[in-house]
Every structure is written in C-alpha cells, then in structure tokens.
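Asker: Predicted coordinates and the sequence they were generated for:
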Amino acid sequence: MTLPGNEAELLTRVVSGDRAAFDAVMRTHEDRVFSVCLRILGDRERALDATQDTFLTVFRKAAQFQARSALGTWIYRIAVNTCYDHIRRSQRRPTQPLPDHVDPTDPSAEEAIESAALRPEIEAALAGIPADFRDAVILSDLEGLTMPEAAEVLGVPIGTVKSRVFRGRRLLAGQLGNQYDP
Amino acid sequence: MHEHDLDLIAALADGSLADEAEARALVDACDVCRSEYRSQVDVLAWVASAPHVEMTELEKAALHRDLWTELRRDPARAAPIPWWQRWSYVAAGLFVVVGLAGVLNGVMGSDSGGEAQESRVDLDAAQSGDDAAPFLAEDSDSDGGGESAATTTAAAEQAASVPFPELADEVRASRETDPGTGTTSPDATVDECLERVGLDDHIVVAELELDQVYLAVMAGDQEADRSVTFITPAECEIVFVDR
C-alpha cells in the first residue's frame, strides 16, 4: 500500500523528529482517537489518558510503520489496543471510590460531557454487549470505518468483523426493543 | 432459518452494497430476512443519533502539552530515529571530536590530558543526542532567546493558524468558574517577559502547548479588564489580544 504523498512526507518528518509534523498528525486524528477511546472506555478522563498513551506509542513506533494500511487505520489499531491495556490494568487495580462532587475547571468540557450524555441509553446499551461485538459496532457504525478498515484495526479477518457487527447490532436491537417495550 | 445471507442483510442495512438488487430480492422474499433487515436499520438509526464526540480546545492543548512533557521527561524513548540516522549522528559526533582534537592539539600543544577530557565530553554529547537530538535542538532554539528574524516570522505564521478567540473564551470562562486559576510567578523569566511587554500586572492563567508554547495572561483584577493576551514565552512576544 502506498501512502498519500502528504501522509508519507509527514511520517518521514515525524521519524526524523519533526515536532510540527507530529502535531499535524495528531491534529488530523486526535478527535477520532478520543472518540473511539471514549466509546470503549466509557469515561472521559480515562479516554483522555488513553488518547495520550496512543499518541506516545504512535510517536515511538513511527519508524516501524510499514504502510501496509492507511496511517489512520494503524493509529486506530493502536488506540484500540491501548484501551484494552487500560481495561486490563483497571481490572488488576482495586477501584477507588469517586469523590462525591467534582468541580469542573473546564466549562467547555462540562458542556461536552453533557452533550455526550444526551443519549446515555446508547452508551449503556453498548456497555451491555460483549466487548468484541461492541468494538466492531463502534468502529463500523459509530466511527464509520469500512469493514476492511475495522478488520485491520481489530486484527481479525473481514468475515469476523462482519459477523461481529451483525450480531452486535442484533444484541443492540434486543436492548432497543426492551427500552421501548411497555 | 434457511440459508439467510446475514452479511448481505447487514450490508444492505448500512448501505455499503454497490448493487442492492440481490439483497432487496432476498429481503422481499423472506420474512425472517425482512425482519432482520428492519431490526438492523432501526439499530443503525438509533446508533446514528449518538452525539458526536470530540475534545475541547483546552483538552487538546493539555494533550499536546502533556505528551511533549512526557517525551522530554523520557528522552531515551523520545524519538524514533532509524538506524541510518543514529549512525549519522554518531558519525557527526566523531567528526566533531576529531576536529576538536586537532584544534586542541594545535592550540594546547603537549596538554594531551585536557584534550582527552574534551573529546570524551563531546562524544557523550553526540551520543546522548542520538534519540532526542531533534527535540533538544528545538528546545535550545526556543530557550536561547536569540531568535533570528526568520524564526520569529515563522512563529508568527504558525500562530496565525491558532484559534485564539475560541481559546480566549475558554480561558476566560475557566477563570470565571475558578477565580483561583492563575499564578503571579510561574518563573522569573516569565515575570521579566511580562514586565518587558508592559503586562506586569497580569497573571498567567493557562499554558497552552499547540504549535508552540503560548501563555494566556489576564489582568490580576479581572473585573477591570477581561481581555486575554497570548504571549510566546520563548520570544517574549504578544501574538494575540482578545478584548
């Protein structure tokens, strides 16, 4: 696979240590990486941490990128794996009780959280289905990746992703029915 | 259930089929397939109503700042330099060492102990720059204070793409929410800089690491003056004022 000229040039500059080039790569992909992390982890702070860890890994492994997939697909794969690492780590760590009240210092973040909570039933339904199905649905139906892209990100065959998406939607349909049935 | 082609039904539902005729015929002819299709379409519509998720400008600024802080803190893992470039740094270091040794040899004559000492220091410097050289070089540029006119112009051009008015709104709102935000003396250099640009009554409300580091400063008395000024601490320049 050949990268588009600007992506290839940016990566060459990243590998040579060009900070502005890496910032440009981040700006292109950071919102989508954050979105994927937030959908998988379900928590804004953890999603921000995972986004940062994702880009640290992207930077440190930039020289290993072999352009077998699009740059974005490679970055989202790192993001998904980073989220899995965060989930594994949090499962090993004893949970800390949340404070009763947190003063948000960033009002726009507060608005963003409220906005993201407009459809909490969607987040709850996604959290209620097995992770394999959930992640396939997130990438395909929420983030708009094609099946080959989602397969590359998840590291599974295309047929597996198609099956997971189908079954994930079916499970969500069950939850949707439950919510609207009297 | 007979041989329902579930992949085909899913693809029809999400609109990814180039030719829908076969799938439509299947859905029209089979009650189970039709039911699956409707179910998938309903779920897709439901999922599509999920709000778009993105970071705020302040979160992005914090992400960029924290990321570069982490990379500077752990320079051994900072830059993904390929092998050929590593060797080019080592070669350049050796070249400097050999040249320096020659110069010292000429100047100092028989003082070979001092020469050896100098050489070791230069080689160490060359090797420690192996991984982090580009960033250390960039840092030394921005910390040096002796920027060339060309660099300053480049910084100003970069600043032109930063959404200062939006950032100013967020900075202002942040300070209103938490009046304790801000510090009068982040470090002496910043204080000197504020004094030099005539903003010595201002405090630093936020540090934003975007294409470069900017400090957002506001008057200590925010009732009197709510304008937000952005300065580049490295060049000590005002790049934007939002009144």
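Answerer: Noted; the coordinates are in hand. Residues are numbered from 1 along each chain as shown, chains lettered A, B, ... in the order given.
Asker: Now residue A:90: closest residue in space, sequence neighbours ignored.
Answerer: residue A:46 (7.7 Å; CB to CB, 6 or more residues apart in numbering or on different chains). Glycine gets a C-beta too; all of them are placed from N, C-alpha and C.
Asker: Ramachandran coordinates for the residue in chain A positioned nearest to chain B?
Answerer: Closest approach between chain A and chain B, counting by CB to the nearest CB: residue A:17, at 2.7 Å. Backbone torsions of residue A:17, given as degrees, to the nearest 10, read phi 90, psi 20.
Asker: re the thing from before, please name the residues that touch the residue nearest to residue A:90.
Answerer: Residues near residue A:46 by CB atoms under 8 Å, 6 or more residues apart in numbering or on different chains: A:37, A:86, A:90.
Asker: next one: residue A:58
Answerer: When contacts are counted by CB under 8 Å, 6+ apart, residue A:58 touches A:25, A:75, A:78.
Asker: now the first one: how far from residue B:69?
Answerer: Put plainly, it is residue A:25. Residue A:25 sits 18 Å away from residue B:69, going by CB to CB, to the nearest Å.
Asker: From start to finish, how long is stretch B:219-238 in a straight line?
Answerer: 14 Å (CA to CA, to the nearest Å).
Asker: Whether it contacts chain A - can you check?
Answerer: No - counting by CB under 8 Å from any CB of the partner chain, chain A is not contacted by stretch B:219-238; separation bottoms out at 13.4 Å.
Asker: in that stretch, what's buried?
Answerer: By neighbour count on 16 or more other CB atoms under 10 Å in any protein chain shown, the buried set for stretch B:219-238 is B:219, B:222, B:228-237.
Asker: Closest one of those to chain A?
Answerer: Using CB to the nearest CB, the buried residues of stretch B:219-238 come closest to chain A at residue B:234, 13.4 Å.
Asker: Quick check: phi and psi at the closest one.
Answerer: phi -70, psi -50.
Asker: right, and it touches residue B:213 too?
Answerer: Yes - between residue B:234 and residue B:213 there is a contact under CB atoms under 8 Å: 6.8 Å.
Asker: ranges for the helices of chain B?
Answerer: B:6-14, B:21-29, B:31-48, B:57-73, B:83-108, B:112-144, B:149-159, B:164-177, B:188-196 (DSSP state H).
Asker: Least reliable of the ones you listed by average pLDDT, please.
Answerer: Lowest mean pLDDT within the helices of chain B: helix B:112-144, a mean of 36.
Asker: Is it correct that residue B:174 is in contact with residue B:206?
Answerer: Yes - the pair residue B:174 / residue B:206 is scored as a contact, 7.1 Å apart, by CB under 8 Å.
Asker: follow-up on the earlier one: scan the contacts of residue A:58 and report the most crowded one.
Answerer: residue A:75 (24 neighbours; other CB atoms under 10 Å in any protein chain shown).
Asker: With adjacent residues omitted, what lies nearest to that one?
Answerer: Per CB to CB, 6+ apart, closest to residue A:75 is residue A:29, 5.1 Å.
Asker: Work out for me the element that neighbour sits within.
Answerer: Here residue A:29 sits within helix A:19-41, counting by DSSP states H and E.
Asker: residue contacts, the most centrally placed residue in chain A?
Answerer: Relative to the mean C-alpha position of chain A, the nearest C-alpha, by CA atoms, centre = their mean, is the one of residue A:36, at 2.1 Å. Applying CB under 8 Å, 6+ apart, we find residue A:36 in contact with A:76, A:79-80, A:83, A:138-139, A:143.
Asker: which pair in these spans the largest distance?
Answerer: Spatial extent of those (CB to CB) is set by the pair A:83 and A:143 at 12.9 Å.
Asker: Between these two, point out the one with more neighbours.
Answerer: Neighbours of residue A:83 and residue A:143, each counted by other CB under 10 Å, are more numerous for residue A:83; the result is 25 against 18.
Asker: How about the contacts made by that one?
Answerer: A:36-37, A:40-41, A:50.
Asker: Now it: closest residue in space that isn't a chain neighbour?
Answerer: residue A:40 (4.3 Å).
Asker: burial of that neighbour, as a residue count?
Answerer: 25.
Asker: How much space separates it from residue B:94?
Answerer: 48 Å.
Asker: thinking again about what came up before, got a pLDDT number for the residue nearest to the centre of chain A?
Answerer: For residue A:36, pLDDT reads 93.
Asker: again, but for the one 10 residues further on
Answerer: According to the prediction, residue A:46 has pLDDT 93.
Asker: SS state for it?
Answerer: Following DSSP: H, G, I helix; E, B strand; the rest coil, residue A:46 is assigned to helix.
Asker: roughly how far apart are it and residue A:40?
Answerer: Counting by CB to CB - residue A:46 and residue A:40 are separated by 9 Å.
Asker: likewise residue A:163?
Answerer: 19 Å.
Asker: again, but for residue B:28
Answerer: 37 Å.
Asker: One more: residue B:190?
Answerer: As judged by CB to CB, residue B:190 and residue A:40 stand 39 Å apart.
Asker: and stretch A:49-56, anywhere near chain B?
Answerer: Yes - for stretch A:49-56 and chain B, the contact criterion (CB under 8 Å from any CB) is met by A:51-52, A:55-56.
Asker: got the contact list for stretch B:225-237?
Answerer: By CB under 8 Å, 6+ apart, stretch B:225-237 touches B:142-143, B:145, B:147, B:152, B:155-156, B:159, B:162, B:164, B:167-168, B:171-172, B:189-190, B:192-194, B:196-197, B:199, B:202, B:205, B:208, B:212-219, B:238-243.
Asker: got the contact list for the residue lying closest to residue A:22 once chain neighbours are set aside?
Answerer: The shortest distance from residue A:22 to any non-neighbouring residue, by CB to CB, 6+ apart, is to residue A:14 (4.8 Å). With contacts defined as CB under 8 Å, 6+ apart, residue A:14 is in contact with A:21-22, A:25, A:59, A:62, B:80.
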